[in-house]
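S.K.: one predicted model, sequence on top.
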Amino acid sequence: MTSDNGFVWGKQIEPVMAYTEVADTLDAFVEGTGGPWDWDGYLSTFFADPYLAHVQQRMTHLSDEFPAERGQGGYCNADGIQVILGYVTELRNKAVHSDSGA
């Protein structure tokens, strides 16, 4: 059971990844520079921060919403890549305007 304030079962949960780390992970995924398990690791990470959880949920279903072109391979099509890059920008902006980057 989670709440919006970063507590699970009454226990404070520290951020697993800051906004900048999530932005870097998404950017590396788009650029193809991430490690072989970085994307899977990101998608399976628990986020207490509601915005980070929202971004993760969107990424989880992006390949359904924007399927890769037939025969092209990849996770999603060019429109889906633009969605990812939009979140990269938002996450970096949020990091600049927060005290902790998370």
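M.R.: Thanks, I have the structure now.
S.K.: what separation do you get for residue 19 and residue 92?
M.R.: The gap separating residue 19 from residue 92 is 7 Å, by CB to CB, to the nearest Å. For every residue, glycine as well, the C-beta is placed using N, CA and C.
S.K.: how about residue 81?
M.R.: From residue 81 over to residue 92 the distance is 17 Å, taken as CB to CB.
S.K.: most residues in a single helix of this protein, which one?
M.R.: helix 78-96 (DSSP state H).
S.K.: helices or strands up against that one?
M.R.: In terms of contacts (3 or more CB pairs under 8 Å, 6 or more residues apart in numbering; DSSP states H and E), helix 78-96 is packed against helix 19-31, helix 50-65.
S.K.: in it, what's buried?
M.R.: Under the neighbour-count criterion of 16 or more other CB atoms under 10 Å, helix 78-96 has 80, 81, 83, 84, 87, 88, 91, 92, 94, 95 buried.
S.K.: now it and helix 50-65, what's the angle there?
M.R.: Angle, helix 78-96 to helix 50-65, by axes from the mean of the first three to the mean of the last three CA atoms, to 10 degrees: 170 degrees.
S.K.: any low-confidence regions in this protein?
M.R.: Scanning the chain with the threshold set as pLDDT under 70 gives 1-16, 99-102.
S.K.: try it again at 50.
M.R.: 1-5, 100 (pLDDT under 50).
S.K.: for residue 93, see how far away the residue of it most remote from its centre is.
M.R.: Most distant from the centre of the chain: residue 71, at 26.0 Å, with distances by CA atoms, centre = their mean. Shown here: residue 71 relative to residue 93, a distance of 36 Å by CB to CB.
S.K.: how about residue 85?
M.R.: From residue 85 to residue 93 the distance is 13 Å (CB to CB).
S.K.: ok, residue 74 next?
M.R.: In terms of CB to CB, residue 74 sits 26 Å off from residue 93.
S.K.: and residue 58, by the same measure?
M.R.: For residue 58 relative to residue 93 (CB to CB), the value is 17 Å.
S.K.: what does residue 62 give?
M.R.: From residue 62 across to residue 93, the span is 20 Å (CB to CB).
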